[in-house]
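Asks: Okay, structure incoming, though there's no sequence with it:
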């Protein structure tokens, strides 16, 4: 994978290819000997063309592209490969020598070109890679490629949020801004590129507290490129349509009651996919970017007339906060809509510290430590010294190995003092008790976690060192949204399995889950890399990776300097490291690949 070092205001294209590893392998395998190719479908901007480019890099191929302007011209897409006035039969004969053909935007092909592609698939001499946009009307000859089972179909989903964050990493965006961009663009990479370019041009990115990261708070910059992508909403000219859209935009994040709007206008907007009506009769805009864009282009007088009172969403914000708390109390932290908090974060109103602390904890329980820390800092920006936000920020930093370790459970764990960390666990809170399980001491709390669902089952499986039970627990934790906890359970299963094949499978799963928790560095995940070491060697290597000298490690663990040196030498040999300079990389779980695991 190619990477680039870029500034947020000078990000160059093309962006590095990110994610899609499984899809990339499927496309490559579809072109192996005896295969006839593949059809890739997906929403606009999902990265089909880039995926094809990466999969076919270094191969000889011909390429044709459908265009809306040439749909009425026979064989327009093949004009560079065929002579004029050619029949379909003759076109098939002329293209026999083409071993690999890429057909981009096949839904825009003229009928003759579509028929030619279909015939090439039927004859099977030419391998085909065909890209089609979901929801767009396509010639029947194109759709029959997969409905007639001539070629397998790979349906691409929008790029996940974690992959979008990785894609935006060269721009140095802080996590909440990257999440906002992903939410507004819905995985549309072309729109993402245009919006980020607009932010650079308009100066909408600001340094975070004088650090290295950039943040976006404030309105959407509607440059000509962005406006062109949003023309369906911004250029409505029917009677009452723009007024209705603006009313919906300024009511955000709350819906507008159906009975307060013109039904004829709503029907027209719904037909064009610009609005949606919920089960309760509330009307909202269908695309998350339309509201900010409509507000940004409304003009001062219209904005003054339509803007609600500053506190119009406070009751909804409290309901949202209560829903989030209720979910983790039920042992569930999967994705939940948070329109009010996200709207506040965009810069419309300050984010109250109690809400920011709840969002920070929810993100931390999901394993999104960087996002959790950003929410905690957002709360502290509005309420310096808030205890809940400070506590969440400290936990995030300790579980990611950043900052100074505190005196609590995870502070001791960050210093390598696992016995001290477990000894600090007090109280009867489920997640506090569960920390002992995550730290590898389930026997301390197994009885007190009884009847607490998956957390109790995790403790019991770890006490028994039952690798298969730990794998099942990890699956349930992941389904409930506890991705970091699931990664840790899989990592513990690696050491519990007696079957090497089962251990390798658990390790692969642990690495995949850990990659979804960027920045997490906990003892269980460190064991993914340090699993072949003894407990003492892991303890010493972790401290050495944190920058402590041999003498400092010896003083902390009450060992001789010679003993520390011997342990490090043995660890270097097993890890394949030449010196302690490689240890931070080796103890960072998100840097591990499935191949190296």
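Replies: Everything's here; your move. Quick caveat: nothing in here was measured; it's all calculated off a predicted structure.
Asks: can you pull out the strands in the stretch 351-500 of the chain?
Replies: Counting by DSSP state E, counting those that start in this stretch, the stretch 351-500 of the chain has no strands to list.
Asks: which regions of it sit below the pLDDT cut-off?
Replies: By pLDDT under 70, the weakly predicted segments of the stretch 351-500 of the chain are 403-405.
Asks: Please enumerate the helices of it.
Replies: Applying DSSP state H, counting those that start in this stretch to the stretch 351-500 of the chain gives helices spanning 353-365, 369-382, 387-399, 409-414, 418-423, 430-438, 454-464, 467-479, 483-496, 500-515.
Asks: Relative to residue 526, how far out is the spatially most distant residue from the centre of the chain?
Replies: In the chain, counting by CA atoms, centre = their mean, residue 85 sits farthest out from the average C-alpha position, at 49.4 Å. From residue 85 across to residue 526, the span is 69 Å (CB to CB, to the nearest Å). C-betas here are computed from N, CA, C, even on glycine.
Asks: just residue 177 next, same as before
Replies: 29 Å.
Asks: higher neighbour count, those two?
Replies: Counting neighbours by other CB atoms under 10 Å for residue 177 and for residue 526 shows that residue 177 has the greater number, 26 against 22.
Asks: Now do the contacts for the more buried one.
Replies: Going by CB atoms under 8 Å, 6 or more residues apart in numbering, residue 177 touches 205, 214, 215, 216, 217.
Asks: ok, now residue 229?
Replies: Residue 229 makes contacts with 190, 191, 194, as judged by CB under 8 Å, 6+ apart.
Asks: Touching, the first one and residue 45? I think so.
Replies: Yes. A contact is recorded between residue 190 and residue 45 when judged using CB atoms under 8 Å, the distance being 4.1 Å.
Asks: So for those two, which sits in the more crowded spot?
Replies: The neighbour count for residue 190 versus residue 45, taken as other CB under 10 Å, is higher for residue 45 (21 against 15).
Asks: what kind of secondary structure is the residue farthest from the centre of the chain in?
Replies: Residue 85 falls in the coil class when you classify it by DSSP: H, G, I helix; E, B strand; the rest coil.
Asks: and the gap between it and residue 94?
Replies: In terms of CB to CB, residue 85 sits 13 Å off from residue 94.
Asks: go on, residue 191?
Replies: Look at residue 191 and residue 94: by CB to CB, they are 39 Å apart.
Asks: neighbour count winner among the two?
Replies: Ranked by neighbour count (other CB under 10 Å), residue 191 and residue 94 place residue 191 first, with 21 against 15.
Asks: Secondary structure element holding the more buried one?
Replies: Assigned by DSSP states H and E, residue 191 falls within helix 189-202.
Asks: Give the buried residues for that helix.
Replies: 189, 191, 192, 193, 194, 195, 196, 197, 198, 199, 200 (16 or more other CB atoms under 10 Å).
Asks: Turn those residues into a markdown table, columns for pLDDT and distance to residue 336.
Replies: Below are those laid out as a markdown table (pLDDT from 0 to 100; distance: CB to CB, whole Å):
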| residue | pLDDT | distance to residue 336 |
| --- | --- | --- |
| 189 | 86 | 25 |
| 191 | 89 | 24 |
| 192 | 90 | 23 |
| 193 | 88 | 28 |
| 194 | 89 | 29 |
| 195 | 92 | 24 |
| 196 | 91 | 26 |
| 197 | 89 | 31 |
| 198 | 91 | 29 |
| 199 | 92 | 27 |
| 200 | 88 | 32 |
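Asks: Tabulate those (a markdown table), appending distance to residue 388.
Replies: Compiled in a markdown table, those are given as follows (distance: CB to CB, whole Å):
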| residue | distance to residue 388 |
| --- | --- |
| 189 | 37 |
| 191 | 36 |
| 192 | 33 |
| 193 | 37 |
| 194 | 38 |
| 195 | 33 |
| 196 | 33 |
| 197 | 38 |
| 198 | 36 |
| 199 | 31 |
| 200 | 35 |
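Asks: which one of those is nearest residue 65?
Replies: Nearest to residue 65, judged by CB to CB, of those is residue 189 at 17.8 Å.
Asks: pretty sure that closest one is touching residue 44, no?
Replies: No. The pair residue 189 and residue 44 does not pass the contact test of CB under 8 Å, sitting 9.6 Å apart.
Asks: between the two, what contacts are shared?
Replies: Counting by CB under 8 Å, 6+ apart, nothing touches both residue 189 and residue 44.
Asks: Which of the three states applies to residue 39?
Replies: strand.
Asks: Which residues are in contact with it?
Replies: Counted by CB under 8 Å, 6+ apart, residue 39 has contacts 106, 128, 130, 131, 132, 145, 146, 151, 152, 153, 154.
Asks: Validate this expectation: the fifth one resides in a strand.
Replies: Yep, that's residue 132 we're talking about. Yes. Under three-state DSSP, residue 132 sits within a strand.
Asks: Quick check, it in contact with residue 40.
Replies: Yes. In this structure, residue 132 is within contact of residue 40 by CB under 8 Å, at 7.2 Å.
Asks: residues near residue 517, how many?
Replies: 26.
Asks: what are the phi and psi angles of it?
Replies: phi -120, psi 60 (degrees, to the nearest 10).
Asks: which residues does it contact?
Replies: Counting by CB under 8 Å, 6+ apart, residue 517 makes contact with 367, 368, 369, 483, 484, 487, 590.
Asks: Go through those and give me the one with the most neighbours.
Replies: Ranking the contacts of residue 517 using other CB under 10 Å puts residue 487 first, with 30 neighbours.
Asks: Hmm, that residue is touching residue 525, no?
Replies: Yes. Look at residue 487 against residue 525 with CB under 8 Å: they come within range, at 6.2 Å.
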